[in-house]
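Trainee: Would you be able to build a 3D model of this:
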Amino acid sequence: MTLQSQTVHRVDDLVAGAQSEGRVPSLVAGVVRDGVLEHVSGAGGLPTPDADTQYRIGSISKSMTAALLLRLRDDGKLGLEEPLDRHLPGTALGRVTLRQLLAHAGGAQREPDGAWWERSVGGDLQSLVAGTGPEKAAWPPLRRYHYSNLAYGLLGGVAAKVAGTDWWSAVRERLLEPLGMPRTTYQATQPFARGYVVHPWHGTLREEPRHDAGAMAPAGQLWSTVTDLARWAAFLAGPDPEVLAPATVREMASPVVLGDPERWTAGYGLGLQLWRRGERVYAGHSGSMPGYLAILVTHRASRTGVVAFANAYRLSMPGGIGGLGLRLLDAVLDSEPAPPARPWRPGAAPPNDVEPLCGRWWWMGQEYEAHWDSESRELVLRSLGPTPMVPWRFAPLGADRWRCRSGENDGEYLKVHRGRAGTVAALDIATWVFTRDPWPAM
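Mentor: Residues are numbered from 1 along each chain as shown. Predicted coordinates for the structure are as follows:
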């Protein structure tokens with residue numbers, strides 16, 4: 001599928017306008033739909049932007065640190081409710097859980113002790129732990145959202161200890177290599193864009209250093225390209241279960257804490273920023289390091305995403321690089337709300353014990369329909385009423401037992417009730433009994 005011409009023109013206009021108004025040497029963006037990088041747009045000439053030029057992604061690295069920790073959790077190596085002390089003893093944040101740190105809800109101060117880590121040669125994990133004293137515990141956990149780079153440096157240390165290797169090797173081997181992201185690297189590799197600070201009055205450039213962040217690398221070290229980061233956006237929108245279970249990525253994109261309790265337009269999950277734009281919810285992350293800006297934002301419901309990079313420390317326009325990413329994704333979805341539906345194909349007949357479960361069911365005067373999804377091998381129930389609902393998808397657990405994997409009944413159990421002759425009499429979903437009769441006797 002390719003984007004429509006009017007969508008491409010709108011994206012190109014937004015990118016060109018942002019590079020000019022924002023006063024950055026170069027700006028490049030990509031649009032992802034249904035796992036495919038559909039369009040690349042660039043503006044500026046220092047360097048001439050393209051899909052294979054590396055830029056520093058800054059805090060988008062945090063989404064990979066979080067995914068690594070959740071992979072280790074799914075592998076049974078750690079638990080998110082475990083306190084930091086269990087893995088990294090000796091900090092003032094020892095009682096804070098890994099989940100709270102992942103969501104920036106652990107009360108940790110924003111930065112580690114010492115010089116500004118983003119423009120300094122990084123230290124080791126031992127020094128990072130030793131410098132996390134009582135003054136680094138700003139608030140009790142869950143009292144408020146407070147973004148913390150320090151938290152992610154510590155979380156990277158936890159991941160390395162549990163994985164039995166360094167953080168970068170674990171990220172590369174468990175995430176990047178399986179997803180085919182060879183141009184996402186720890187240090188810059190040619191071709192890459194030099195990063196600058198733009199003088200506010202006369203527009204001259206100062207090139208910024210490209211230090212190794214050391215123990216703080218899990219918070220913002222990595223470099224990537226439009227092509228590679230588009231693969232990460234595609235993964236967050238439609239996960240590869242060989243890398244991370246779809247339910248786990250959904251957990252990452254579920255809000256843990258609100259960033260603006262007054263307006264409810266921003267929040268944070270587990271390693272992912274969340275934005276509400278009208279009726280849509282986006283998930284992703286922004287990033288910055290000296291001389292670089294980056295944004296990744298996805299609309300998981302339509303498997304659509306945007307990535308963008310600039311090689312300056314500031315994009316001089318409302319909302320900065322994050323605002324640009326949101327506007328780009330709005331433009332795509334306003335023009336093309338969803339990719340074209342995949343063609344319907346006939347499926348296999350349901351198993352003999354499932355076929356009697358299909359058809360019309362009633363609960364409290366409301367009509368529902370059950371059908372068999374032969375591709376996913378799930379029983380799917382949907383309401384036939386006027387109010388739209390997310391269909392309930394049930395996976396089999398054994399004889400006459402199913403568990404829901406979507407919608408308001410996610411996690412609930414379905415039990416099949418049978419009559420004396422063994423025929424299906426009712427479906428019991430969390431004590432709500434569905435019958436073939438719209439008005440059964442009490």
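Trainee: hey, let's count contacts and neighbours off CA atoms from now on
Mentor: Noted.
Trainee: Tell me the pLDDT of Ala430.
Mentor: For Ala430, the model assigns a pLDDT of 95.
Trainee: swap in Pro346?
Mentor: Here, the pLDDT recorded for Pro346 equals 89.
Trainee: I'd like to know how many residues surround it.
Mentor: Neighbour count for Pro346, taken as other Cα atoms under 10 Å: 6.
Trainee: what do you get for Trp439?
Mentor: Count around Trp439 with other Cα under 10 Å applied: 12.
Trainee: can you give me phi and psi for it?
Mentor: Dihedral pair for Trp439: phi -140, psi 60, per degrees, to the nearest 10.
Trainee: Surely it touches Trp361?
Mentor: No - using Cα atoms under 8 Å, Trp439 makes no contact with Trp361, being 11.0 Å away.
Trainee: Look up the closest residue to Val31, ignoring the ones flanking it.
Mentor: Leaving aside its sequence neighbours, Val31 sits nearest to Val306 (Cα to Cα, 6 or more residues apart in numbering; 4.7 Å).
Trainee: next structured bit after the helix or strand containing Ala18?
Mentor: Under the criterion of DSSP states H and E, Ala18 resides in helix 5-22. As assigned by DSSP H and E, the chain's next helix or strand after helix 5-22 is strand 26-33.
Trainee: same question for the next helix or strand after that next one, mean pLDDT?
Mentor: Next in sequence after strand 26-33, counting helices and strands by DSSP H and E, comes strand 36-44. The average pLDDT for strand 36-44 rounds to 97.
Trainee: With stretch 23-31 instead?
Mentor: 98.
Trainee: Now do that stretch: distance to the chain's middle.
Mentor: 22 Å (Cα atoms, centre = their mean, to the nearest Å).
Trainee: same question, stretch 378-391
Mentor: On Cα atoms, centre = their mean, the centre of stretch 378-391 falls 26 Å from the chain's centre.
Trainee: Could I get the buried residue list for that stretch?
Mentor: Glu378, Leu379, Val380, Leu381, Arg382, Ser383, Pro391 (16 or more other Cα atoms under 10 Å).
Trainee: In a helix, Arg250, correct?
Mentor: Yes - applying DSSP: H, G, I helix; E, B strand; the rest coil, one finds Arg250 inside a helix.
Trainee: any idea how far it is from Pro241?
Mentor: 12 Å (Cα to Cα, to the nearest Å).
Trainee: Can you give me the domain boundaries for the chain?
Mentor: 5-335, 355-434 (automatic domain parsing).
Trainee: and of these, who's closest to Arg345?
Mentor: Of all the domains of the chain, domain 355-434 sits nearest to Arg345, with 10.1 Å by Cα to Cα.
Trainee: Give me the distance between the two termini of the closest one.
Mentor: End-to-end distance (Cα to Cα), domain 355-434: 16 Å.
Trainee: so how far is it off the chain centroid?
Mentor: Worked out by Cα atoms, centre = their mean, domain 355-434 lies 30 Å from the chain centre.
Trainee: which intervals of the stretch 51-200 of the chain have sub-threshold pLDDT?
Mentor: Judged against pLDDT under 70, the stretch 51-200 of the chain has no low-scoring part.
Trainee: And the stretch 301-442 of the chain, by the same measure?
Mentor: Residues of the stretch 301-442 of the chain that meet the cut-off, pLDDT under 70, sit at 340-341, 442.
Trainee: In CSV, could you pull the C-alpha coordinates for stretch 178-194?
Mentor: What follows is stretch 178-194, C-alpha atoms only, in CSV (Å, rounded to 0.1, in the frame of the first residue of the first chain):
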residue,chain,number,x,y,z
PRO,A,178,15.8,-10.2,15.5
LEU,A,179,14.0,-7.1,14.1
GLY,A,180,16.6,-6.5,11.4
MET,A,181,17.9,-3.1,12.7
PRO,A,182,21.6,-3.2,11.9
ARG,A,183,21.9,0.6,11.6
THR,A,184,20.9,1.1,15.2
THR,A,185,24.2,1.3,17.0
TYR,A,186,25.9,2.3,20.2
GLN,A,187,28.3,4.8,18.6
ALA,A,188,27.8,6.7,15.3
THR,A,189,28.7,4.9,12.1
GLN,A,190,29.0,6.5,8.7
PRO,A,191,27.0,8.0,7.2
PHE,A,192,25.8,10.1,10.2
ALA,A,193,24.7,13.6,10.7
ARG,A,194,26.9,15.9,12.8
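Trainee: Which strand residues bridge Phe192?
Mentor: Gln54 (DSSP bridges).
Trainee: Surely it is in contact with Ala51?
Mentor: No - taking contacts as Cα under 8 Å, Phe192 lies outside contact range of Ala51: 10.9 Å.
Trainee: Can you point out the buried residues in stretch 363-377?
Mentor: Quick answer for stretch 363-377 (16+ other Cα under 10 Å): Trp363, Glu367, Tyr368, Glu369, Ala370, His371, Trp372, Asp373.
Trainee: what's the span of it, first residue to last?
Mentor: 24 Å.
Trainee: cool, stretch 172-187 as well?
Mentor: By Cα to Cα, one end of stretch 172-187 lies 13 Å from the other end.
Trainee: Repeat that for stretch 426-435.
Mentor: Stretch 426-435: ends 5 Å apart by Cα to Cα.
Trainee: Show me the contact partners of that stretch.
Mentor: In this structure, residues lying in contact with stretch 426-435 by Cα atoms under 8 Å, 6 or more residues apart in numbering are Trp361, Trp362, Trp363, Glu412, Tyr413, Leu414, Lys415, Val416, His417, Arg418, Ala425, Arg436.
Trainee: Just the buried residues out of the residues you listed, in ChimeraX syntax.
Mentor: Of the contacts of stretch 426-435, the buried ones can be selected in ChimeraX as follows, counting by 16+ other Cα under 10 Å:
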select :361,362,363,413,414,415,416,417,425,436
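Trainee: Looking at the contacts of stretch 426-435, which are in strands?
Mentor: Judged by DSSP state E, those include Trp361, Trp362, Trp363, Tyr413, Leu414, Lys415, Val416, His417, Arg418, Ala425 as members of strands.
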